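[1] Model the structure of this input:
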Amino acid sequence: MLEENKFSYRALLHGKDAEWYFARGLDDIAAAGCYEVRLFHDDMESLGITTADCDKEHYVVAHLFVSESAATGRQQALRVVGQTLLLTICATNAVKAFTRTCEVVPKGASWGSWVDLGAASTTDIQDGSITAQKLSSDIRTSIENPLRTLFIAAGAEYNAGVDKTRIAPWGESVTHKAGHYYLNGLGDITEEQMMDIYNAGELKNNIVGFYAYNSKIRTLIPAKISGQEGYGTISLSGILSGATMVESVVFTARENLAERLGVLFTSGTAYSSFNGCSNLVYIQKMNFSGITSLTSFFDKCYSLVYVKIINLKCNLDWSYSKVISKESVIYTIQNSIPTSAMIVTLHPDAYARLADDADVVAALESQPLVSLVSA
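    Below is the predicted model of the structure:
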């Protein structure tokens, strides 16, 4: 449902993060020739808006929409009075009223959709420029929520039906809740959380701002290219440090290739990469062939269960990860490439659970340079 006195959801227009407004999908806006959609608040002067920009009578209410066409200039003015929105077609001064309406398109556009939460039927404006139609308030399509199209294109899936069961990347069943997004094994992602995930985008070096999103995101947008191709210039150091909300890390959407080869990163020391990721459960397979040392790499990863590392050749500290899986430990040991003595440190509880396990013992016997110790 729409929030009181607010046109809900954000959208991006020509690279700018606009105020709260509704609009159709970005392609539709471009096709209509609409280059600006703005929501003006009570204090117009603070927004740089003066009454000279439009007829004064159009600026006497709480909210105002203006839709402009690059070719013809201002075509329509919208104002909200309580729960009623008045549409003024500037060329004719004809006024049409709607209830809690949501979008503006330039005059001359082939069509426009208006969400009317109060009307019981479809209303057509016979002026040749706009058609208003009733949409169900509980069916939120890409017309009603243009960001949903962007989120889905980025790899998320939206559940408009009932709860359903999915298989997470780590092989367990998870619930994809109705009215929520699914991404990387998380089936209860809200609209607001998906916004933060989308804004963070694919993994980047901290120097280009990815770090700023670390305290907000629950997961990442997987890259469309392989981890072998896509992260060769990305440094793991500090990349998700302090990401206390992150639960699942999937670097690339090419899961089969990642499972076979692991995701590569720049060579050298990797420090504090997941330091403080207290809710992190899963990390896609990583290839450490170029990593020479790990410093505070998994510090405070209290919830970490699933992580596979291939080509490890330096000491590894899992001393905070009480619930690390047996499979993760065995895989990492078996697929390591030590050239000298290498130590894998476990949380005391994890060590007590795994040190005498027959499969773990067999893995250690296959790698005589690797030792398993308790923190």
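
[2] For stretch 184-201, what does the pLDDT average out to?
    For stretch 184-201, mean pLDDT rounds to 91.

[3] Just the buried positions in it, please.
    Across stretch 184-201, burial judged by 16 or more other CB atoms under 10 Å covers 184-189, 191, 193-198, 200. Any C-beta I mention is one placed from the backbone N, CA and C, and that applies to glycine too.

[4] same thing with stretch 292-310?
    Using 16+ other CB under 10 Å as the test for burial, stretch 292-310 gives 294, 296-310.

[5] How about stretch 154-174?
    Across stretch 154-174, burial judged by 16+ other CB under 10 Å covers Ala154, Gly155, Ala156, Tyr158, Asn159, Ala168, Pro169, Trp170, Val174.

[6] which residues sit in contact with the residue nearest to Tyr331 when sequence neighbours are not counted?
    Spatial nearest neighbour of Tyr331, chain neighbours left out: Lys308 (4.8 Å); criterion: CB to CB, 6 or more residues apart in numbering. Residues in contact with Lys308 (CB atoms under 8 Å, 6 or more residues apart in numbering) are Gly262, Lys285, Met286, Glu327, Ser328, Tyr331, Thr332, Asn335.

[7] so Val344 makes contact with Ala375?
    No: with contact defined as CB atoms under 8 Å, Val344 does not count as touching Ala375 (10.9 Å).

[8] Could I get the pLDDT score of the closest residue in space to Gly290 that isn't next to it in sequence?
    In space, Gly290 comes closest to Ser267 once its chain neighbours are excluded; the distance is 3.2 Å by CB to CB, 6+ apart. Among the per-residue scores, Ser267 holds a pLDDT of 82.

[9] Equivalent analysis for Thr51, please.
    At Thr51, the pLDDT value in this model is 38.

[10] again with Ser137
    Confidence score, pLDDT, at Ser137: 28.

[11] again, but for Ser235
    79.

[12] likewise Phe251?
    87.

[13] can you count the residues close to it?
    Phe251: 26 surrounding residues under other CB atoms under 10 Å.

[14] Which parts of this protein are helices?
    Listed in chain order, the helices of the chain (DSSP state H) span residues 26-32, 146-153, 191-200, 227-230, 255-261, 326-334, 348-354, 358-366.

[15] Can you pull the poorly scored residue ranges out of the chain?
    1-146, 204-212, 225-233 (pLDDT under 70).

[16] Quick one: neighbours of the closest residue to Ile189 other than its chain neighbours, just the number.
    Closest residue in space to Ile189, ignoring its immediate chain neighbours: Tyr181 at 4.1 Å, by CB to CB, 6+ apart. Around Tyr181 there are 24 other residues, counting by other CB under 10 Å.

[17] give the contact list for Tyr181.
    Phe151, Ala156, Glu157, Tyr158, Asn159, Ile189, Thr190, Glu191, Gln193, Met194.

[18] again with Leu346
    Taking CB under 8 Å, 6+ apart, we find Leu346 in contact with Trp318, Ser319, Ser321, Ile324, Val329, Leu354, Ala355, Leu372, Val373, Ser374, Ala375.

[19] Turn these into TSV, columns for neighbour count.
    Output for the contacts of Leu346, formatted as TSV (neighbours: other CB atoms under 10 Å):
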residue	neighbour count
Trp318	22
Ser319	18
Ser321	26
Ile324	24
Val329	27
Leu354	18
Ala355	15
Leu372	18
Val373	12
Ser374	13
Ala375	14
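
[20] With adjacent residues omitted, what lies nearest to Asn335?
    In space, Asn335 comes closest to Ile310 once its chain neighbours are excluded; the distance is 4.5 Å by CB to CB, 6+ apart.

[21] what's the answer for Pro338, then?
    Distance criterion CB to CB, 6+ apart; nearest residue to Pro338, sequence neighbours excluded, is Leu369 at 4.2 Å.

[22] Ok, Thr269 next?
    Closest to Thr269 by CB to CB, 6+ apart is Ser293, at 4.7 Å.

[23] mind listing what that neighbour touches?
    Thr269, Ala270, Cys314, Asn315.

[24] What's the ChimeraX syntax to select whichever of the residues you listed are buried?
    Filtering the contacts of Ser293 down to the buried ones (16+ other CB under 10 Å) takes a single ChimeraX command:
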select :270,314,315
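
[25] Adding distance to Asn214, write the contacts of Ser293 out as a markdown table.
    Formatted as a markdown table, the contacts of Ser293 follow (distance: CB to CB, whole Å):
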| residue | distance to Asn214 |
| --- | --- |
| Thr269 | 20 |
| Ala270 | 16 |
| Cys314 | 25 |
| Asn315 | 25 |
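
[26] quick one: which of the contacts of Ser293 is nearest Leu257?
    Ala270 (21.4 Å; CB to CB).

[27] Might you report the residue contacts of the closest residue to that closest one other than its chain neighbours?
    Leaving aside its sequence neighbours, Ala270 sits nearest to Leu236 (CB to CB, 6+ apart; 4.2 Å). The neighbourhood of Leu236, defined by CB under 8 Å, 6+ apart, consists of Phe265, Thr266, Ala270, Ser273, Ile291.
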